[in-house]
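K.L.:
need a structure here:
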Amino acid sequence: MRPYILIESDYALQQSLTTTLRSCPRIAVDTESNGYYAYYERVCLIQISTDQDDYIIDPLSIAQPERLSNLFQDPAVEKIFHAAANDIGSLKRDFGFSFQNVFDTAVACKILGEKQLGLSHVLAARFQVQLDKKWQRCDWGQRPLKDSQLHYARLDTHYLISLRDQLYEELVQRGLWDQAKEAFARVCDQAPPRERFPADGYRRLQGVRGLSRKARSVLKDLYTFRDETARRLDRAPFRVLPNEALIRLAQKLPETLEELRSVKGLPRPFQSGIQARQLLETIRASVDAHNAKTAHSLSS
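P.N.:
You can find the predicted model right below:
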């Protein structure tokens, strides 16, 4: 396996596009994002493999990653993804790319009747390759990246072209190629992802149905407080305050720091200091508002 080619400048990207990538009839593509860590998710790596080389493009270090646009929309170049919807949606959101001529190996596996569609399982079954799960949920937005991370990232595309060829033969042999082409065309139209943390997201938290009306009202305000804090910190909300902690806060309605600290799973920043006081004030204000609303309804 050749060393991967790391692209961290606009010059290197343009050179690769000019000398190699635009002339390849097919490329394998994947991305790594930081959505598990950041509020404002962004694509942090773009991996591209050809029949000869593996490229890792760092869009956080490049001023014009949009230079890839012509490559992705070129109908003469087949783009091979595994589970393309997330990657294509994210690339559209961050860079405005459009796509033509996509082959989705996960969709192909599904059409062929395979039950386990994850890339790690497919590579293990077909190529006896084991992906290091250690890096599946790392923070791809952190720099510098370790060589072991980059090696993991390159494996996400390194085998996709060979996998595509296997799947193509199986689809043709079983008379499923036309069905697959229609499915691949639909993947190209994947829309950018919707808002990740909608204002009414508290309604879908596990445990919300068991809350009283007052507790549910408090949960809504706690959810808003968490969202505002997460936006300010650019951190995924569940990494600011776990969902389970929000539910327990709404159940217990702590009024003092001592009661607050007794809530299981509450992160340390919310056990004392400014953030703890803000949390208690949010709960207090929400309870007062609910009680006032209830009293008004009873007197009407």
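K.L.:
ranges for the strands of this structure?
P.N.:
Listed in chain order, the strands of the chain (DSSP state E) span 5-7, 26-33, 43-49, 54-57, 78-81, 102-104.
K.L.:
Check which helices and strands the fifth one sits against.
P.N.:
It stands for strand 78-81. strand 26-33, strand 102-104, helix 105-111, helix 160-173 (3 or more CB pairs under 8 Å, 6 or more residues apart in numbering; DSSP states H and E). The C-beta positions use only the backbone N, C-alpha and C, and glycine is treated the same way.
K.L.:
Number of residues surrounding the closest residue to Leu211 other than its chain neighbours?
P.N.:
Nearest residue to Leu211, sequence neighbours excluded (CB to CB, 6 or more residues apart in numbering): Ala250, at 5.8 Å. Neighbours of Ala250 under the rule other CB atoms under 10 Å: 26.
K.L.:
Next: Leu205.
P.N.:
Count around Leu205 with other CB under 10 Å applied: 17.
K.L.:
From Phe197, how far off is it?
P.N.:
Going from Leu205 to Phe197 by CB to CB, to the nearest Å gives 12 Å.
K.L.:
returning to what we had before: highest mean neighbour count out of the helices and strands packed on strand 78-81?
P.N.:
Of all those, strand 102-104 has the most neighbours on average by mean count of other CB atoms under 10 Å, namely a mean of 24.
K.L.:
one step back: could the helices and strands packed on strand 78-81 be laid out in a markdown table, adding distance to Asp234 and mean pLDDT?
P.N.:
Putting the helices and strands packed on strand 78-81 into a markdown table (distance: least, CB to CB, whole Å; pLDDT from 0 to 100) gives the following:
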| stretch | distance to Asp234 | mean pLDDT |
| --- | --- | --- |
| strand 26-33 | 14 | 98 |
| strand 102-104 | 31 | 98 |
| helix 105-111 | 30 | 98 |
| helix 160-173 | 32 | 98 |
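K.L.:
which stretch among these comes nearest Ala124?
P.N.:
helix 160-173 (12.0 Å; CB to CB).
K.L.:
any chance of the helices and strands packed on strand 78-81 in a markdown table, plus distance to Ala245?
P.N.:
Listed next are the helices and strands packed on strand 78-81 as a markdown table, based on distance: least, CB to CB, whole Å:
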| stretch | distance to Ala245 |
| --- | --- |
| strand 26-33 | 25 |
| strand 102-104 | 38 |
| helix 105-111 | 35 |
| helix 160-173 | 40 |
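K.L.:
how about the ones you listed, which one is nearest Leu13?
P.N.:
Per CB to CB, nearest to Leu13 of the helices and strands packed on strand 78-81: strand 26-33, 14.0 Å.
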